[in-house]
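1. Could you work out the structure for the sequence below:
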Amino acid sequence: MRFILPFACAAALVAVAACNRSGEEAAPPGNQQADEANTSVNDARPAEIAALMHERHEHYKAMGKAMKGMGDQLKSDAPSIEEIRRDAALIAHYAPQIPGWFPHGSGPETGRETRAKAEIWTDADTFHQRAETFAAEAARFLPRAEIVELHGEGKKDAPSGTARATAEALGGVPVHSVRLPGLVAHQEVLFGGDGQLLTIRHDAFTREAYVPGVLLALERLDVLPPGLTIGLDAVLD
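-> Below is the predicted model:
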């Protein structure tokens, strides 16, 4: 469990900076991106500002749920690596965006309820430093993986449904699609690390390879729930 502690500490720093009930003040000068964001928000209509604040709240809510999910998995007797990766990927996706969620004009001065601390604006350098640390820690726990899927030139969708599902299970890793004559259905997942590479590959050279799965699904129709079922995991023992 020690590997998660730096990540949790960085998360706590940003969460404390952004979620305590307090007032907000104007951002200090000198930050070009912040100045541009401030201008944008100051020119926005109240409805747009309200939408921005709501979106910020929802993002923090999603990250909080992901952090709790990771903690619950680490306390479990049988933690799910897939769920931990998914939660880590969500946090890593949002983490670099945090500084842009707090432009001037989106705080208590709007008259709307907010829990953003005034230090976000009065001590912007510290806030941005903590946000950057959080993003760096979050990125450490993303799986370094990419997917290559190859199919015949007649397949119209790219990436394939199987590749999309695999990428989602790995936290949204990149997918590369190849469409060439002579191919049937092939997929490989590459996990990279310093000085090493793990490759998991499946090749289907004829469509007959799918027949056993189709027959199994037909045999289990009576035990499947109503509606659409995706994947053979629902019928495998």
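2. for this structure, longest helix please?
-> Looking across the chain with DSSP state H, the single longest helix is helix 46-75.
3. Only the C-alpha atoms, please, for whichever helix or strand comes after that one, written as CSV.
-> Counting by DSSP states H and E, the element after helix 46-75 in chain order, helix or strand, is helix 81-94. Extracted as CSV, the C-alpha positions of helix 81-94 are listed here (Å, rounded to 0.1, in the frame of the first residue of the first chain):
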residue,chain,number,x,y,z
ILE,A,81,-6.3,-4.1,-10.3
GLU,A,82,-8.7,-3.2,-13.2
GLU,A,83,-10.8,-1.0,-10.9
ILE,A,84,-7.8,0.6,-9.4
ARG,A,85,-6.4,1.4,-12.9
ARG,A,86,-9.8,2.8,-14.0
ASP,A,87,-10.0,5.1,-11.0
ALA,A,88,-6.4,6.2,-11.3
ALA,A,89,-7.0,6.9,-15.0
LEU,A,90,-10.0,9.1,-14.2
ILE,A,91,-8.0,11.1,-11.6
ALA,A,92,-5.0,11.4,-13.9
HIS,A,93,-7.3,12.7,-16.7
TYR,A,94,-8.7,15.5,-14.5
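4. following helix 81-94, which helix or strand shows up next?
-> Under the assignment DSSP H and E, the closest C-terminal helix or strand after helix 81-94 is helix 119-122.
5. which helices and strands does that next one pack with?
-> For helix 119-122, the elements it packs on are helix 5-19, helix 124-140, judged by 3 or more CB pairs under 8 Å, 6 or more residues apart in numbering; DSSP states H and E. Where you see a C-beta, it was placed from the backbone N, CA and C, and this is true even at glycine.
6. Comparing those helices by mean pLDDT, which bottoms out?
-> Note on the helices and strands packed on helix 119-122: lowest mean pLDDT is at helix 5-19, with a mean of 45.
7. domains of this structure?
-> Listed by automatic domain parsing, the domain ranges of the chain are 2-140, 145-234.
8. Throw those domains into TSV and include mean neighbour count, thanks.
-> Formatted as TSV, these follow (neighbours: other CB atoms under 10 Å):
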stretch	mean neighbour count
domain 2-140	16
domain 145-234	13
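9. Worst mean pLDDT among those?
-> Here the domains of the chain differ in mean pLDDT, and the lowest is domain 2-140 at a mean of 71.
10. Run through the residues that contact Ser106.
-> Listed by CB atoms under 8 Å, 6 or more residues apart in numbering, the contact set of Ser106 reads 41, 49, 52-53, 56, 114, 116.
11. Just put the residues you listed in CSV and tack on distance to Pro212.
-> Output for the contacts of Ser106, formatted as CSV (distance: CB to CB, whole Å):
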residue, distance to Pro212
Val41, 58
Ile49, 57
Leu52, 52
Met53, 54
Arg56, 50
Thr114, 57
Ala116, 57
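12. between the residues you listed, which is nearest Gly231?
-> Arg56 (35.4 Å; CB to CB).
13. Find the nearest non-adjacent residue to that closest one, please.
-> The spatially closest residue to Arg56, leaving aside those adjacent along the chain, is Trp101, at 4.4 Å (CB to CB, 6 or more residues apart in numbering).
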